[in-house]
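Chemist: need coordinates for the following:
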Amino acid sequence: MADISTLFTFVFILLITLYALIEFLYKSLQKKFNQESASKTQSEQVLTNPQFISFQRSYFLVYFCFLLADWLNAPYHYKVYNEFNYMREQIAVIYVCGYIASVLFSPIALTLPDKYGRKTLVTLAAIVYCTASMLKCCNSYLALLLSRIFAATSSRVLFSACESWYIYEHLESYDFPSEWVGYTLDQTSKWNGWFSLASGLIGYFFADVFGFHAYFPSILAGICLLIGLALSQSRWRENRGSGKNVKVSRILRDGLKAIFKKKHVFKLGLIQALVEGVVYIFVFLWTPTLILLFEDSADSTKSIPIGIIFATFMAATMIGAKGCKIWSSFCRKSENDVLLYSTCAATASMLWLSMHDKSNAVPTYFAFILFELSIGAYFPAMGVLRSKIVPQKEAAAINVWVRIPLNMVATCALIYLHNEHSKELGDQKLYMFCTIAMALAVLILLCTDFSMSKEHQAEEEVKFILNTGNPVIEESKITADEPSKPKLNIEINLES
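Modeler: Here you go, the predicted model:
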């Protein structure tokens, strides 16, 4: 087992080194193509404005506490349930309940900022999420079900409300230039990856090195949520949208019409449902698969370093995202091309996983790495395409509709194929199911050209958010745990 831990640690160091080299390459290409002068000018303006720096710091202090808490909850979900000795079918039901709750709650969340205000919504979501983190420590099936349901609903609301609060304060209360919004959101995006790495390492030291239970990182997450909640109460003021009489049914109806009337929206949503449904299944499967491959069932005292493995996955997604930037900015590749390349690579990874066994455990682990690299490139490209193709006014409602088939894909697969009696065979069937879904996404990409001019600029998106009070939630990054980090389309548009 020491050799296996050494392998995972070596891969982590290798990926971090590779990311540093790619980052250096990206900066060098920026200088070569003279693309950093405008960003430097904007950064100089931002960094010399003391009022903006103070306001931004007050936002970062709260947001980063919540972000670290969310990531601390991520790596050890399955491990917690496994250490409580629940069967695979029971664990699958816990995950599925979270997926279903997220879908059911998404339409309700569309109008919450208008009814209760963004700071109030942040407060309520943080309290519910903290409760979910603490319930995860209870060896009770009902408590774990409630924990997953509370976490799935509150985390989405928490981050979308935070970003919506920031944009309103930035433009309405302080009247800063709208271009500076992108600077702040870009900073949160950059730190997001590093917090994900840190969460894996923190979890590893407490759960594996120091020997605490796998739920201990969730206790730390609850503490971070409480700190963020206290800071938001002392540093933030309330704001709310103006569209108080907007009905959820009308929003959803307009979104459904747009899916079928607007060019390419249906096809893009179908690709998103297929690919991200596969990612939901991957979120569930990677831990039990690696446990079967690397842990010795005869020696229960030895276990794989989940935190280190999670950190390698996060490093891979960071490399993939940076590679997407290089491809689109300097290699003249469209987002359509990047989506095609990434989904093809992900399909190959799933195909290998559908045929894996204990004799090729190490190659299977590297297939996971390839999948995370692909997904790291997929999400920035998908975000840019959505900002070009999906009508901004109906984007939030369209995202709700897309999540229905997305969750159905994951739910049906997990319920029917993940079982205790035939572990390896059942998981291989799941991976084959994922391979077919990814192949369908590739086929749609081959038959469709999504290239078109951008229909809505970032300034229009900001106006929409302010007028309705509803942030446009975009699945910006799906990781080795549930994709619960919502980002606004404005972030991707300004960045691109």
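
Chemist: what's next to stretch 257-268, contact-wise?
Modeler: With contact meaning Cβ atoms under 8 Å, 6 or more residues apart in numbering, stretch 257-268 is reached by 269, 385-386, 389-391, 394, 397-398, 401, 444, 448, 450, 452. From N, CA and C alone the C-beta is placed, and that goes for glycine too.

Chemist: 7 Å instead?
Modeler: For stretch 257-268, the external contacting residues (Cβ atoms under 7 Å, 6 or more residues apart in numbering) are 269, 385-386, 389-391, 394, 398, 401, 444, 448, 450.

Chemist: just how off-centre is it within its chain?
Modeler: Centre-to-centre, stretch 257-268 and its host chain are 24 Å apart (Cα atoms, centre = their mean, to the nearest Å).

Chemist: now do the buried residues in that stretch.
Modeler: 258-259, 262, 264-265, 268 (16 or more other Cβ atoms under 10 Å).

Chemist: and which of those is nearest residue 77?
Modeler: Residue 77 lies nearest to residue 268 out of the buried residues of stretch 257-268, by Cβ to Cβ, at 29.5 Å.

Chemist: all helices for the stretch 101-250 of the chain, in order.
Modeler: Secondary structure of the stretch 101-250 of the chain (DSSP state H, counting those that start in this stretch): helices located at 112-116, 118-135, 141-168, 179-203, 216-235, 248-261.

Chemist: gap between the second one and the chain center?
Modeler: Helix 118-135 sits 19 Å away from the centroid of its parent chain (Cα atoms, centre = their mean).

Chemist: give me the distance between the residue nearest to residue 70 when sequence neighbours are not counted and residue 190.
Modeler: Distances taken as Cβ to Cβ, 6 or more residues apart in numbering put residue 155 closest to residue 70, at 5.8 Å, once the chain neighbours are dropped. Residue 155 sits 20 Å away from residue 190, going by Cβ to Cβ, to the nearest Å.

Chemist: next one: residue 17
Modeler: 18 Å.

Chemist: next one: residue 196
Modeler: Taken as Cβ to Cβ, the span from residue 196 to residue 190 is 12 Å.

Chemist: more neighbours: the two, which one.
Modeler: Neighbours per residue, other Cβ atoms under 10 Å: of residue 196 and residue 190, the larger number sits with residue 196, 28 against 10.

Chemist: confirm for me that the more buried one is in contact with residue 313.
Modeler: No. Counting by Cβ atoms under 7 Å, residue 196 does not reach residue 313; the two are 8.6 Å apart.

Chemist: which stretches of the stretch 351-496 of the chain have low pLDDT?
Modeler: For the stretch 351-496 of the chain, the stretches with pLDDT under 70 are 416-423, 451-496.

Chemist: go again using 80 as the cut-off
Modeler: Of all residues in the stretch 351-496 of the chain, those with pLDDT under 80 make up the ranges 357-359, 391-400, 403, 405-426, 449-496.

Chemist: quick revisit: now intersect the contacts of stretch 257-268 with the helices, please.
Modeler: Judged by DSSP state H, the contacts of stretch 257-268 include 269, 385-386, 389, 398, 401, 444 as members of helices.

Chemist: list buried residues within those residues.
Modeler: Buried by 16+ other Cβ under 10 Å: 269, 385-386, 389, 398, 401, 444, out of those.

Chemist: and the closest residue to residue 219 other than its chain neighbours, how far from residue 201?
Modeler: Leaving aside its chain neighbours, residue 219 sits nearest to residue 137 (6.5 Å; criterion: Cβ to Cβ, 6+ apart). As judged by Cβ to Cβ, residue 137 and residue 201 stand 21 Å apart.

Chemist: what helix or strand is residue 437 located in?
Modeler: Element membership for residue 437 (DSSP states H and E) is helix 423-447.

Chemist: mind giving me the packing neighbours of that helix?
Modeler: On a contact count with 3 or more Cβ pairs under 7 Å, 6 or more residues apart in numbering; DSSP states H and E, helix 423-447 meets helix 265-294, helix 335-353, helix 395-417.
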